[in-house]
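Novice: The following comprises the amino acid sequence and a computationally predicted model.
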Amino acid sequence: MRPFLRTQTALKCSARAARALPTCWAARPFSYSARAASALRPLDASKLEVTKNTTPKPLSKPEDLVFGKEFTDHMLTIEWNKEEGWLNPKITPYQNLSLDPATCVFHYAFECFEGLKAYKDKSGKVRLFRPDKNMARLNKSSARIALPTFDSEALIELISKFVQLEAAKIPEQRGYSLYLRPTMIGTQKTLGVGPPGSALLYVIASPVGPYYPTGFKAVSLEATDYAVRAWPGGVGDKKLGANYAPCIVPQLEASSRGHQQNLWLFGEEQYVTEVGTMNMFAAIKDKKTGQKELVTAPLDGTILEGVTRDSVLALARERLIPEGWKISERKYTITELAEASKEGRLLEAFGAGTAAIVSPIRKIAWKDETIDCGLKATEESGEIALKMKNWIEAIQYGDEEHEWSYVSSK
Ligand SMILES: Cc1ncc(COP(=O)(O)O)c(C=O)c1O
């Protein structure tokens, strides 16, 4: 597209953005690829070199684990440079990275990441949950910030070997798992603003306990209407580190007023987008017809394409539609939720994400109102949130054989 035409389109998009979330930017593919030169070496899992840690350290007892504080004895690293492509993957003892202070990741936020878990099933097999989805999302994130893309299947194979090596560090109790953090950073030493000529892809692993050790606890949210997490044409649908640091202050604001999370709204219409670092679902009864609807915001470029969101939607379509539910990916506003709540039509609401699977919501503070999300005082979860947790967990732990569960091998 000629630059002038591109500018015209951009202006039309941003004018429309003031009224509604346009899909024009979200839908437009970028043609730049850091791996464009086909002569570059692809990521090759068969080239893995393993150096075992000879001084493994003990981990805390499962019940004492704190999310993301303890790591296993090894890490997977793969270097990339623009002359050669992907170098041989390595599993080494867990160690510090040594980077020049001028490395571009520290200055211009060339960083993207993923979060997925490995689960041990009853027979001791180690399973990953829909790792193809995380790989696809990591590739989209890295491509957007001029970092290299990689063969998803090769990285799944490498992660599979990595979790096999760490199998003894995966707690066996239900609700426990090994949280995996694939991360990619630009490693070129330069203060020049441009595409990194070198990168590092690494994966570290942290044993974690259940999000709610003593069962569900429905949370209280504060709707944030003075700041936005993402915007049309932005990068809110990518898992970039740069998207997360600016979210902490609104989260602290919410917590200073006694709420566990903040709810991100967007635009004059105050569309409901995401809850903290989870996708948001609401179960609403239609005012006229009484039709029950499970609704979540659409993937318009401002919403992270959650793996759990996708799983909830797929299971809802398969298992709730036959029970008479309508499943919708559509825009909805906080006013719609407030009105439904006042009329007793807001049945339940919950966040969905890898950490908790689902997180039931009790109430939302919005301006001077408190929106009651339909739970009785004695309840910590609605019916749909509980069903979803049980359905997804059964697949993750291999109780139900399902194509989403990937059994790892050495
Ligand atoms: C902003 C945001 N939304 C939603 C999610 C949920 O995504 P997933 O289900 O893939 O964990 C996450 C967690 O990664 C997130 O950071």
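Specialist: Perfect, I can see it now.

Novice: could you list every residue that touches the closest residue to residue 123 other than its chain neighbours?
Specialist: The shortest distance from residue 123 to any non-neighbouring residue, by CB to CB, 6 or more residues apart in numbering, is to residue 398 (7.8 Å). For every residue, glycine as well, the C-beta is placed using N, CA and C. Shown in contact with residue 398 (CB atoms under 8 Å, 6 or more residues apart in numbering): 119, 121, 122, 123, 125, 127, 405, 407.

Novice: rerun at 10 Å
Specialist: 119, 120, 121, 122, 123, 125, 126, 127, 405, 407 (CB atoms under 10 Å, 6 or more residues apart in numbering).

Novice: Which neighbouring residues are in contact with the first one, exactly?
Specialist: So that's residue 119. So residue 119 contacts 125-129, 163, 170-172, 174-178, 393, 395-398, 405 (CB under 10 Å, 6+ apart).

Novice: Do any residues in the helix or strand harbouring it lie close to the ligand?
Specialist: Counting by DSSP states H and E, the element that carries residue 119 is strand 116-120. No: figure legend: strand 116-120 not in contact with the ligand (CB under 6 Å from any ligand atom); closest approach 7.7 Å.

Novice: what are the pairing partners of that strand, and which direction each?
Specialist: strand 126-129 (antiparallel), strand 177-186 (antiparallel) (DSSP bridges).

Novice: hang on, residue 310 in a helix?
Specialist: Yes: counting by DSSP: H, G, I helix; E, B strand; the rest coil, residue 310 is part of a helix.

Novice: What number of residues are in the vicinity of it?
Specialist: Using other CB atoms under 10 Å, residue 310 has 16 neighbouring residues.

Novice: The helix or strand harbouring residue 252 near the ligand at all?
Specialist: Using DSSP H and E, residue 252 maps to helix 248-256. No: Helix 248-256 does not reach the ligand (CB under 6 Å from any ligand atom); its nearest approach is 11.6 Å.

Novice: Who are the contact partners of the residue of the stretch 151-300 of the chain found nearest the ligand?
Specialist: In the stretch 151-300 of the chain, the residue that lies nearest the ligand is residue 277 (3.5 Å; CB to the nearest ligand atom). For residue 277, the contacting residues are 115, 229, 239, 243-244, 247, 251, 261, 304, 306, 351, 353-355, by CB under 10 Å, 6+ apart.

Novice: Secondary structure element holding residue 154?
Specialist: Assigned by DSSP H and E, residue 154 falls in helix 152-165.

Novice: Kindly provide the distance from the residue most central in space within the chain to residue 280.
Specialist: Nearest to the geometric centre of the chain sits residue 306, at 5.1 Å (CA atoms, centre = their mean). Distance of residue 306 to residue 280, given as CB to CB, to the nearest Å: 10 Å.

Novice: shared neighbours, these two?
Specialist: Joint contacts of residue 306 and residue 280 (CB under 10 Å, 6+ apart) are 274, 296, 351, 352.

Novice: So what's the residue count around the third one?
Specialist: Neighbours of residue 351 under the rule other CB under 10 Å: 27.

Novice: Equivalent analysis for the second one, please.
Specialist: Applying the criterion other CB under 10 Å, we find 24 residues in the vicinity of residue 296.

Novice: Just give the closest residue to the residue in the stretch 51-200 of the chain that the ligand sits nearest to, not the sequence neighbours.
Specialist: For the stretch 51-200 of the chain and the ligand, the shortest gap (CB to the nearest ligand atom) falls at residue 115, measuring 5.1 Å. By the measure of CB to CB, 6+ apart, the closest residue to residue 115 outside its immediate chain neighbours is residue 354, 5.2 Å from it.

Novice: go on, residue 104?
Specialist: residue 186 (4.4 Å).

Novice: do residue 108 as well
Specialist: Leaving aside its sequence neighbours, residue 108 sits nearest to residue 193 (CB to CB, 6+ apart; 6.0 Å).

Novice: residue ranges for the helices of the stretch 101-250 of the chain, please.
Specialist: Secondary structure of the stretch 101-250 of the chain (DSSP state H, counting those that start in this stretch): helices located at 104-108, 131-144, 152-165, 248-256.

Novice: export those to TSV and tack on mean neighbour count and mean pLDDT?
Specialist: Conversion of the helices of the stretch 101-250 of the chain to TSV gives the following (neighbours: other CB atoms under 10 Å; pLDDT from 0 to 100):
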stretch	mean neighbour count	mean pLDDT
helix 104-108	19	98
helix 131-144	21	98
helix 152-165	20	98
helix 248-256	14	96
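
Novice: Same list (the ones you listed) but as TSV, adding distance to residue 89.
Specialist: Listed next are these as TSV, based on distance: least, CB to CB, whole Å:
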stretch	distance to residue 89
helix 104-108	20
helix 131-144	14
helix 152-165	5
helix 248-256	33
